[in-house]
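Generate a structure from the sequence data that follows.
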Amino acid sequence: MSRNQYETQIDLKNEQNAIKRLEEHSGRKSFKLPISYRIDFAMRNEDDDITSWVEVKTRKNNYRQYPTLAISITKLMAGISFEQKTGLPFFLVVQWRDFIGYTRISSLEGFKIKVGGRSDRSDPADEEPMVHIPIENFKKLKNEEER
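The predicted model follows:
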């Protein structure tokens with residue numbers, strides 16, 4: 001039985017905004033990966049060589065509202081596996097209401113892992129092991145005007 005997909009058009013628009021900012025910041029172009037990859041994007045250079053893997057998340061709260069960002073362990077494990085198998089870095093990009101940041105994730109060592117997730121949709125698959133990443137780990141994505 002397949003899992004419900006809760007991604008809305010607004011979610012996709014926010015994801016596109018965040019990835020466009022990453023493109024501006026990095027000078028690379030994004031490539032949307034099929035859902036079977038479990039992570040969102042590959043970044044590529046002008047020769048279409050893949051240079052990194054990226055998961056994009058958006059949050060409806062402000063950057064400093066919580067001390068950590070909680071994210072599904074399976075998302076991070078997928079990205080870490082891609083990094084380990086290809087030698088290309090894996091980045092997590094998060095768009096909060098007031099900040100877009102990124103961090104490289106190479107290992108889950110040192111992060112707290114707790115049961116968590118959503119409980120407002122009556123979907124038992126919404127609660128799962130979550131990795132808590134301190135928000136101080138995120139660097140600001142700068143756009144052209146900020147350089």
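
For Phe41, give its distance to Gly117.
23 Å (CB to CB, to the nearest Å). Bear in mind the C-beta positions are built from the backbone N, C-alpha and C, glycine included.

Contacts for the longest helix seen in the chain, please.
In the chain, assigned by DSSP state H, the helix with the most residues is helix 9-26. With CB atoms under 8 Å, 6 or more residues apart in numbering as the test, helix 9-26 has contacts from 28-30, 40-41, 43, 54, 56, 58, 91, 93-95, 100, 102, 141-144.

Could you identify the helix or strand that succeeds it?
Tracing the chain C-terminally past helix 9-26 and defining elements by DSSP states H and E, one meets strand 29-32 next.

Which neighbouring elements make contact with that following strand?
The helices and strands touching strand 29-32, judged by 3 or more CB pairs under 8 Å, 6 or more residues apart in numbering; DSSP states H and E, are helix 9-26, strand 41-44.

let's see it at 10 Å
helix 9-26, strand 41-44, strand 50-58 (3 or more CB pairs under 10 Å, 6 or more residues apart in numbering; DSSP states H and E).

Ok, which of those comes nearest Lys85?
Smallest distance to Lys85 across the helices and strands packed on strand 29-32 (CB to CB): 10.2 Å, for strand 50-58.

would you put the C-alpha positions of that closest one in PDB?
Presented in PDB, the C-alpha positions along strand 50-58 are these (Å, rounded to 0.1, in the frame of the first residue of the first chain):
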ATOM      1  CA  ILE A  50      26.400  16.100 -11.000                       C
ATOM      2  CA  THR A  51      28.300  17.900  -8.300                       C
ATOM      3  CA  SER A  52      26.100  17.300  -5.200                       C
ATOM      4  CA  TRP A  53      22.900  15.900  -3.800                       C
ATOM      5  CA  VAL A  54      20.300  18.100  -2.100                       C
ATOM      6  CA  GLU A  55      17.200  17.700   0.100                       C
ATOM      7  CA  VAL A  56      15.000  20.800   0.400                       C
ATOM      8  CA  LYS A  57      12.600  21.400   3.300                       C
ATOM      9  CA  THR A  58      10.400  24.300   4.100                       C
END
